[in-house]
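Enquirer: Next one to model:
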Amino acid sequence: MDMARYLVEAHVLGGVPVSELAASHGLHRSWIYKLLARYRQGGYEALEPRSRRPRSCKHATPDEVVGRVLGLRAQLQREGHDCGAHTIAHHLAQEMRGDGLPSVSTIWRILRRHGLIAPQPQKKPRSCLIRFQADLPNEMWQADITHWRLACGTDVEILNVIDDHSRLFLASEAFATVKAPDVVEVFHKATGLHGLPASLLTDNGAVFTGFYRKGKVLLESELERLGIEFKNSRPYHPQTCGKIERLHQTLKRYLARQKPARTLPELQAQLDAFAHYYNTTRPHRALDGRTPLQAYSARIKARPASEMTAATHFRVREDKVDKTGTVTLRYMSKLHHIGIGRAHKNRPIKLLIADRHIRIIDPQTGELLRELTLDPSRDYQPLRRA
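Expert: Here you go, the predicted structure:
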């Protein structure tokens, strides 16, 4: 039986004097009198232990700050962004400018008190993680493909590229299916904005490497031409590309909160909006609260080991002019048509190719039939002397 109830019943029902109860149990009489007063006022329920929490606390977090923390949490979650204590603290710092700004631990306790923190005991402590990071921007990029589904149920693919040092989101392009030329095209768009990286890390996807098929794909040839080191992760070990895998998770959380895209252009607009927020607004814990753009701009950029690009790629090809007076040439996995003239139809020719510079000659006489610089944006090259 509960001690408080026993003492009350011993006095009220058994008639034992308060002084005797106090002496026999080593208690102070004033406490027994308090129990009797509470019993007469509220019955047995009043004898239950009461909270020792103070009625007021002068250093408690103000209600308006608590409300702002919970409001920011709901807003960030609604928009599909990270909404942990560190992110909320970053946004509050922009608003409050240090005036009563709560600490990260205070924000975490507020979230836990309101049931917004989900315990994850299955996770290993951060001290167990072995983490690597490139020392300079552009020292290593990571590229990978993730899948998404449009509103109509069509599955599409998203090609993402990220800088290993700064986590700068370099490129994000949506395709029905990512093909080898798409990878090279997106890579060149990123290098056009940020310069050439010293190395590129990918998994062993078929559009990235042909090593397991004892060959080369377009990306490998292009990186070799540019003097960029190409690295592949170990099979079935996604932790090697952990930074971009984590980016996929953040991106998909954002996309899940948006209106489902019906077309690839709509999805691309959402990807562009996310990349802008990720690079310029979202604080990154691994970067000490800086944004990726701030981290990327803070240091000099690494460059490929070779200061100059690799030597020009030469090749010779023998062919025959077709009946329409044209010859076809594949460049960057795309087929281009080069006009020579109907007067030369069915004529054997030899193509001397140095990257995009092309000379077409008669193999018997050495006569130069045409010389041009290939325009990769056009399928049919204009019939004119270059």
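
Enquirer: Residue ranges in the stretch 251-386 of the chain under the pLDDT threshold?
Expert: For the stretch 251-386 of the chain, the stretches flagged by pLDDT under 70 are 306-313, 333, 384-386.

Enquirer: Would you map the strands across it?
Expert: Using DSSP state E, counting those that start in this stretch, the strands of the stretch 251-386 of the chain run over 314-320, 326-331, 334-339, 348-354, 357-361, 368-373, 380-381.

Enquirer: could you say what helices and strands the fourth one packs with?
Expert: Translated: strand 348-354. strand 314-320, strand 326-331, strand 357-361 (3 or more CB pairs under 8 Å, 6 or more residues apart in numbering; DSSP states H and E). All C-beta atoms are positioned from the backbone trio N, CA, C, and that covers glycine.

Enquirer: Kindly format the C-alpha coordinates of the shortest one as PDB.
Expert: What it means is strand 357-361. The C-alpha trace of strand 357-361 is given here as PDB (Å, rounded to 0.1, in the frame of the first residue of the first chain):
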ATOM      1  CA  HIS A 357      38.600  19.000 -88.300                       C
ATOM      2  CA  ILE A 358      37.900  16.700 -91.300                       C
ATOM      3  CA  ARG A 359      39.600  16.400 -94.700                       C
ATOM      4  CA  ILE A 360      38.000  14.200 -97.400                       C
ATOM      5  CA  ILE A 361      40.400  13.100-100.200                       C
END
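
Enquirer: Pairing partners for that strand, with directions?
Expert: strand 348-354 (antiparallel), strand 368-373 (antiparallel) (DSSP bridges).

Enquirer: residues in contact with the first one?
Expert: Strand 348-354 is contacted from outside by 312-321, 327, 329, 340, 358-364, 369, using CB atoms under 8 Å, 6 or more residues apart in numbering.

Enquirer: Just say which of the helices and strands packed on strand 348-354 is most tucked in.
Expert: Per-stretch averages of neighbours, counted by mean count of other CB atoms under 10 Å, single out strand 357-361 among those, with a mean of 18.

Enquirer: contacts for it?
Expert: The contact list for strand 357-361 (CB under 8 Å, 6+ apart) reads 327, 329, 338, 340, 349-352, 367-374.

Enquirer: Give me the angle between it and strand 314-320.
Expert: Between strand 357-361 and strand 314-320, the angle comes out at 40 degrees (axes from the mean of the first three to the mean of the last three CA atoms, to 10 degrees).

Enquirer: centre of the chain versus strand 357-361, how much separation?
Expert: 45 Å (CA atoms, centre = their mean, to the nearest Å).

Enquirer: So this structure: which segments form each domain?
Expert: Domain assignment for the chain by automatic domain parsing gives 3-47, 63-123, 141-297, 314-381.

Enquirer: Figure out which of those is closest to residue 135.
Expert: domain 141-297 (6.8 Å; CB to CB).

Enquirer: gap between the two ends of that closest one?
Expert: 16 Å (CA to CA, to the nearest Å).

Enquirer: that older thread, just say which of the domains of the chain is most tucked in.
Expert: The most buried one of the domains of the chain (mean count of other CB under 10 Å) is domain 141-297, showing a mean of 17.

Enquirer: Alpha carbons of stretch 167-185, as CSV, please.
Expert: Included here for stretch 167-185 are C-alpha records, laid out as CSV according to Å, rounded to 0.1, in the frame of the first residue of the first chain:
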residue,chain,number,x,y,z
ARG,A,167,28.8,19.5,-52.3
LEU,A,168,28.0,22.0,-55.0
PHE,A,169,25.2,20.7,-57.1
LEU,A,170,26.8,21.0,-60.5
ALA,A,171,24.2,19.5,-62.7
SER,A,172,20.8,17.8,-62.6
GLU,A,173,19.1,16.8,-65.8
ALA,A,174,16.0,14.6,-66.4
PHE,A,175,15.8,12.1,-69.3
ALA,A,176,13.4,9.4,-70.3
THR,A,177,16.5,7.1,-70.3
VAL,A,178,20.0,8.4,-69.8
LYS,A,179,22.3,7.4,-72.7
ALA,A,180,26.0,7.6,-73.0
PRO,A,181,25.9,10.8,-75.1
ASP,A,182,23.6,12.4,-72.5
VAL,A,183,26.2,11.8,-69.8
VAL,A,184,29.0,13.5,-71.9
GLU,A,185,26.7,16.4,-72.8
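
Enquirer: This completes my enquiry, with thanks.
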